[in-house]
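In: attaching a predicted model along with its sequence, questions to come.
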Number of protein chains: 2
Amino acid sequence: MDDIHFAVLGTGGIGRRAIEYSSSKDHLVPVAACDRDGVAIDHEGLDGDELLAATEGNIASDGGATAVKQTGEQQGVVASAQATPTETPIDDIIAESDAIDAVLIALPNLEHDFIPRVAERFAEADYEGVLVDVLKRSRVIGMLDDRAEMLEDSGITFICGAGATPGFLTGAAALAAQSFVEIEEVEIWWGVGLKSGYEDNRGTVREDIAHLDGYDIETARDLTDEEIEAIVDDHDGVIEFNDMEHADDVLLERAGICDAEDVTVGGILDVRSDEKPTTTTVRVTGRTFDGERGTNTFELDDATSMEANVNGPALGYLKTGVRRNRAGEYGVFGPAELMPGF
Amino acid sequence: MDDIHFAVLGTGGIGRRAIEYSSSKDHLVPVAACDRDGVAIDHEGLDGDELLAATEGNIASDGGATAVKQTGEQQGVVASAQATPTETPIDDIIAESDAIDAVLIALPNLEHDFIPRVAERFAEADYEGVLVDVLKRSRVIGMLDDRAEMLEDSGITFICGAGATPGFLTGAAALAAQSFVEIEEVEIWWGVGLKSGYEDNRGTVREDIAHLDGYDIETARDLTDEEIEAIVDDHDGVIEFNDMEHADDVLLERAGICDAEDVTVGGILDVRSDEKPTTTTVRVTGRTFDGERGTNTFELDDATSMEANVNGPALGYLKTGVRRNRAGEYGVFGPAELMPGF
């Protein structure tokens, strides 16, 4: 496959790590990055090291650093010598999108329809390429589906929910399902230890809190950092989630694997340790064509970080999306739909 | 996706079960089947039940029957009322291949280049569609690659090794690899308990014996059934295999997952019990982008039969192949190449 020139919208934890991650692979070339105040574009390839070093946050790879970098008065991407301030960062990237094969949308948890509306703007500009998000919420899928025709007309292949969950783990469920002709249950259970990455992943923690009893995405968005700290303290830093509204269910139903109601998602987040509090596991229980019942299991090693399990699959699905896009397949796809599947 | 009309070359264990399996899904329609002496073709869809009932072998789904069915003087597919005798079964199917979306090649272990030559015959007839095999041997891949241009020119999407291993398990390895930027080792370990399926899967047992010390594919082919029984007896019915020449290694290298030499394949076959003698497991060890080392694991439930784990993936990859073919992607693909992958 030829080089893939990709852009990153948002330079928080996920966006920055996508740039870092891509340096491990020759054919993935980051050419644009933006946050709310600035944009960096270089179609020959951004200098990822410089951009990451100049950008606020924990970019150390030893898992131990928590330093927050800030250069002068500017914070975020404009601290990079490659970036310029702008009030229209996404439009600036759209303006150059003819030369961009794929866009990773790694924006913080804003309004529900924020990412669908970003997709709409790319479609209005007749973008032909791939958009990938790492969202987790079920309801966004429907909003994207409402725009499917518009995306198809433009020539956009939109892959939604391509991070660790739903992306990686629904992919694993779709694979594990291949022993069976009928799926009874898919159980997705994750463990995240986030001590050293906490500063860098506040958006993720905030989004997780929205799944707790008494909170929703709106109330979680309005929480101050201090209020979030208080919630974390109440749980001694270890928060368990059950029956989460994760898009895993609708994405597995879309892919024809099982009914949404047969999917359960839960997990444990520990923001005070880098050790995972529980092992991330996917269990798929079904009936074989010859009448047996069994459970296939996929387990991630506790040593693999959330960051590795978000960014690897996100860029893997991005690459697959480019292949699909070049073959003329447009519209909205969930990760599990990109898997071989009976 | 529209209905997929597929043919099966070979009505041994794998071919028959593909027909049985497809009855669980509306959109997979078996329209042709052949063995060395006969062919059955009905573009409206074969009557799978009749064909299976009339065909020699164990087709019971309770896992307990070992009856060998035979009708009159005829055995094999011609025992079906839908079939006619022929001396050119494959050519007869090629002659009708305009109306066939995909062909599952489930032929017994003949010469090394037998399946590549079958593919060649389809290409010579300008077949546009999907060919799928469930081969295990590494060296066949090269022979298919030699014919890649011919297959591409014809419009054929050839998916090789799409059964349990390499197909299902290299797919799992490709998925599990997504946590890592560098793979150190892929260990594939299978367990098969084949008591009730033994009669129906002699070809598979013969092919496995070719992996034992002192045997190769040629000497195994020339063994009489009595000699195979003697080998099985020598091992008290439980045969362990190590460092097998399975195509898993070359297929994972093709897909860019790891070097072939980093892949090991082994397993245990028990022909005297339906219980698996060991759990089928895929272990992928690698290094994450943030410097950790870990092992992701995929395990099949012991209750899932070899047949379920061959035929589910084979038909899953067949379906994926049709999607690729309709999108204009032709040539030779390993299963792991059809997975999302960084």
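Out: Sure, I can see it. Numbering: from 1, shown residues only, chains lettered A, B, ... in the order given.
In: okay, now residue A:99: neighbour count?
Out: 12 (other Cβ atoms under 10 Å in any protein chain shown). For glycine as for every other residue, the C-beta is placed from the backbone atoms N, C-alpha and C.
In: OK, contacts around it?
Out: Listed by Cβ atoms under 8 Å, 6 or more residues apart in numbering or on different chains, the contact partners of residue A:99 are A:5, A:31, A:43.
In: do that again at 10 Å, thanks
Out: If a contact means Cβ atoms under 10 Å, 6 or more residues apart in numbering or on different chains, then residue A:99 has A:5, A:7, A:31, A:32, A:41, A:43, A:129 as its contacts.
In: separation between it and chain B?
Out: Computed with Cβ to the nearest Cβ, to the nearest Å, the distance linking residue A:99 and chain B is 22 Å.
In: tell me the confidence at that residue?
Out: Taken from the predicted model, the pLDDT recorded for residue A:99 is 97.
In: check contacts around the residue nearest the centre of chain A.
Out: When Cα atoms, centre = their mean is applied to chain A, the residue found nearest the centroid is residue A:134 (2.0 Å). Contact analysis of residue A:134 by Cβ under 10 Å, 6+ apart lists A:10, A:14-15, A:18, A:104-107, A:115, A:159-167, A:204, A:310-311, A:313-314, A:317.
In: so which of those also contact chain B?
Out: When the contacts of residue A:134 are checked against chain B using Cβ under 10 Å from any Cβ of the partner chain, the ones in range are A:159, A:162, A:164, A:167, A:310, A:311, A:313, A:314, A:317.
In: columns pLDDT, distance to residue A:24 and secondary structure on top of those residues, output as TSV?
Out: What follows is these, written out as TSV (pLDDT from 0 to 100; distance: Cβ to Cβ, whole Å; DSSP: H, G, I helix; E, B strand; the rest coil):
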residue	pLDDT	distance to residue A:24	secondary structure
A:159	96	21	strand
A:162	95	18	coil
A:164	93	18	helix
A:167	95	19	helix
A:310	94	15	helix
A:311	94	10	helix
A:313	96	14	helix
A:314	96	14	helix
A:317	96	16	helix
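In: now those residues: which count as buried?
Out: Those of the ones next to chain B among the contacts of residue A:134 that meet the buried threshold are A:159, A:162, A:164, A:167, A:310, A:311, A:313, A:314, A:317, by 16 or more other Cβ atoms under 10 Å in any protein chain shown.
In: just the closest of the ones next to chain B among the contacts of residue A:134 to residue A:302, please.
Out: Closest approach between the ones next to chain B among the contacts of residue A:134 and residue A:302, by Cβ to Cβ: residue A:164, at 13.9 Å.
In: how far off centre is whatever helix or strand residue A:119 lives in?
Out: When secondary structure is defined using DSSP states H and E, the element that contains residue A:119 is helix A:114-124. Averaging C-alpha positions (Cα atoms, centre = their mean, to the nearest Å) puts helix A:114-124 17 Å from its chain's average.
In: please name every helix or strand in contact with that helix.
Out: Helices and strands touching helix A:114-124, as assessed by 3 or more Cβ pairs under 10 Å, 6 or more residues apart in numbering or on different chains; DSSP states H and E, comprise helix A:89-95, strand A:102-105, strand A:129-133, helix A:138-146, helix A:148-154, strand A:156-159.
In: quick one: contacts for residue A:320?
Out: Taking Cβ under 10 Å, 6+ apart, we find residue A:320 in contact with A:130, A:132, A:157, A:159, A:162, A:333, A:335, A:338-339, B:338-342.
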